[in-house]
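Trainee: Sequence plus the predicted model coming up.
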Amino acid sequence: MTSTLHSSCASSGRPRVTGSLPCWIRSSDAAAALAAHLRRSPAVALDTEADSLHHYPWRLCLVQVADAAGSAHLIDPLSPADFSPLGAVFADPAVLTVLHAGDNDLAVLKRRFGFSFASLFDTYIAARFLGSTELGLDGLLRSWLGVVPGPSRQKDDWSVRPLTPEQETYALDDVRHLIPLKERLLDELRARGRDSWVLEECAALAGGVPADRAEDPDAYLAIAGAKSLTARSLAILRELYAAREALALSADRPPFKVMGAETLRDIAVARPGSAAELLKIAGCTPRVVGRYGEAILAAVDRGNAVPEDRLPAFTRLPRPVVPAAVRRRIDALRARRSAEAVRLGLDPGVLLPGRLIERIARAVPSDLGGLAKIDGVRNWRVQELGAMIIGALHDAG
């Protein structure tokens with residue numbers, strides 16, 4: 001039976017509460033009360049929203065949670081409240097945190113609040129291990145629960161307050177159905193004997209350390225076409241990239257909304273000396289030139305002024321040499337993986353990612369114990385694929 005998503009919290013004319021707690025959690029007392037409530041739930045659904053399409057640097061703007069009974073709440077990280085009590089919920093192994101494609105959500109919460117996650121279930125990972133061709137949350141809700149999601153609001157500016165009732169509904173419904181979806185997916189995983197596979201993958205996700213967000217002084221070299229530029233144009237591109245970063249911070253706008261990367265590259269090639277010349281370049285509209293033209297031309301001048309002996313160069317790193325024996329093992333593992341993927345109805349990259357294939361081919365484990373010691377292999381792969389992997393390595397010599 002098909003149902004339409006609906007949130008009483010966001011409905012006009014109704015009290016903005018779910019259960020005995022307020023829908024919006026904006027105070028330290030409310031956060032502590034919510035944490036105490038969630039500790040009594042066997043599972044907690046989790047999602048986040050940010051403003052990365054509208055502001056720079058972006059901010060975490062909303063955290064949505066729901067208990068196993070479907071009571072959902074909106075946590076406002078833009079408020080000055082102390083949300084640390086919620087950390088005890090996620091760190092409790094007796095409370096399962098349920099999310100969908102939660103890599104970014106987890107990284108944000110770990111960085112912002114220092115949260116850790118003891119027990120985790122990601123419905124995206126579960127769907128991949130079921131061989132699902134539908135991996136988006138909306139599609140999974142339709143196919144597994146008969147739920148028809150409302151219009152997407154992923155591009156909204158979630159920093160704006162107050163949120164509209166439609167935004168509240170969207171945000172709450174992102175978590176309200178996650179736990180029932182988890183139950184359906186987990187039942188199917190158990191029926192196929194793959195529940196332990198997914199739980200191990202989810203444990204690895206929970207324990208992951210967020211990547212360092214340090215600035216890369218050579219980030220401009222990643223722009224498409226940079227490797228074909230002259231040294232002088234590279235110097236200009238470097239200055240333009242830095243200028244765009246400063247303009248984005250000053251304007252509180254994402255860098256791509258100041259100027260596109262392709263526009264930066266084309267300016268670096270053209271080396272304009274005036275606003276009139278700048279206007280001839282694609283992406284340099286009268287509005288862009290009016291707002292940023294002076295800063296752009298100043299960046300071009302700085303790049304032109306770099307001494308010849310200090311010009312940047314695009315260094316091409318040599319491709320790592322793969323010995324012939326390792327290549328044979330890689331080819332053998334890929335061939336066996338393809339056959340296993342067909343048998344299990346899984347994407348080959350889910351079954352045995354390429355990074356693991358090369359790692360195994362170089363390590364050449366002679367038994368299952370050696371295979372288990374290779375970083376990232378996981379116990380479920382040793383049990384399910386170990387004999388195949390060792391056999392492929394043996395046959396490849």
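Mentor: Here it is on my side, so go on.
Trainee: Please count neighbours and contacts with C-alpha atoms only from this point.
Mentor: Will do.
Trainee: Quick check: which element contains the residue most central in space within the chain?
Mentor: Centrality entry for the chain: nearest residue to the mean C-alpha point is residue 104, 3.7 Å, by CA atoms, centre = their mean. If you go by DSSP states H and E, residue 104 is part of helix 103-113.
Trainee: And for residue 327?
Mentor: helix 324-344.
Trainee: in what helix or strand does residue 272 lie?
Mentor: Here residue 272 is assigned to no helix or strand, by DSSP H and E.
Trainee: Settle this for me: it is touching residue 297, isn't it.
Mentor: Yes - in this structure, residue 272 is within contact of residue 297 by CA atoms under 8 Å, at 7.2 Å.
Trainee: picking that back up, pull up the gap between the residue nearest to the centre of the chain and residue 231, please.
Mentor: Separation of residue 104 from residue 231 (CA to CA, to the nearest Å): 36 Å.
Trainee: For the closest residue to residue 265 other than its chain neighbours, report the pLDDT, please.
Mentor: Leaving aside its sequence neighbours, residue 265 sits nearest to residue 237 (CA to CA, 6 or more residues apart in numbering; 6.3 Å). In this model, residue 237 is scored at 98, pLDDT.
Trainee: now do the one 3 residues further on
Mentor: Here, the pLDDT recorded for residue 240 equals 98.
Trainee: go on, residue 218?
Mentor: 93.
Trainee: ok, now which ones touch it?
Mentor: By CA atoms under 8 Å, 6 or more residues apart in numbering, the contact set of residue 218 is residue 238.
Trainee: Go again with 7 Å.
Mentor: Counting by CA atoms under 7 Å, 6 or more residues apart in numbering, residue 218 touches no other residue.
Trainee: Please tell me how far it sits from residue 257.
Mentor: Distance of residue 218 to residue 257, computed by CA to CA: 21 Å.
Trainee: got it, and residue 289?
Mentor: Counting by CA to CA - residue 289 and residue 257 are separated by 13 Å.
Trainee: just residue 316 next, same as before
Mentor: 30 Å.
Trainee: And for the closest residue to residue 131 other than its chain neighbours, the neighbour number?
Mentor: What sits nearest to residue 131 in space, not counting adjacent residues and going by CA to CA, 6+ apart, is residue 346, at 4.7 Å. By the measure other CA atoms under 10 Å, the count of residues near residue 346 is 18.
Trainee: that's a helix at residue 45, yeah?
Mentor: No - assessed with DSSP: H, G, I helix; E, B strand; the rest coil, residue 45 is strand; it does not lie in a helix.
Trainee: Settle this for me: it is touching residue 179, isn't it.
Mentor: Yes - between residue 45 and residue 179 a contact is recorded at 6.2 Å, counting by CA atoms under 7 Å.
Trainee: Give the intersection of the neighbour lists for these two.
Mentor: Taking CA under 7 Å, 6+ apart as the contact rule, residue 45 and residue 179 both touch residue 98.
Trainee: that older thread, would you tell me what the next helix or strand after the helix holding residue 104 is?
Mentor: Counting by DSSP H and E, the element after helix 103-113 in chain order, helix or strand, is strand 120-122.
Trainee: hang on, the residue nearest to residue 131 is in a helix, isn't it?
Mentor: No - read with three-state DSSP, residue 346 is coil and lies in no helix.
Trainee: For residue 278, which non-adjacent residue is spatially closest?
Mentor: Residue 278's closest residue in space is residue 272 (CA to CA, 6+ apart), at 5.6 Å.
Trainee: Tell me the pLDDT of the one you found.
Mentor: 98.
Trainee: what's the neighbour count on it?
Mentor: Here the number of neighbours of residue 272 (other CA under 10 Å) works out to 19.
Trainee: how far away is it from residue 376?
Mentor: Distance, residue 272 to residue 376, by CA to CA: 50 Å.
Trainee: low-confidence ranges in this structure?
Mentor: Residues of the chain meeting the criterion pLDDT under 70: 1-20.
Trainee: any idea how far residue 347 is from residue 354?
Mentor: For residue 354, the distance to residue 347 - CA to CA - is 12 Å.
Trainee: residues touching residue 120, list them.
Mentor: 96-98, 202-203, 206.
Trainee: Could you list every helix and strand in contact with the stretch of helix or strand residue 37 belongs to?
Mentor: According to DSSP H and E, residue 37 maps onto helix 28-38. Helix 28-38 sits against helix 85-90, with contacts defined as 3 or more CA pairs under 7 Å, 6 or more residues apart in numbering; DSSP states H and E.
Trainee: Show residues contacting the helix it packs on.
Mentor: Helix 85-90 is touched from outside by 31-32, 35, 38-39, 95, 97, 115-118, with contacts defined as CA under 7 Å, 6+ apart.
Trainee: likewise stretch 167-184?
Mentor: So stretch 167-184 is contacted by 5-7, 10, 45-47, 64-66, 68, 70, 72-73, 98-99, 123, 141, 144-145, 150 (CA under 7 Å, 6+ apart).
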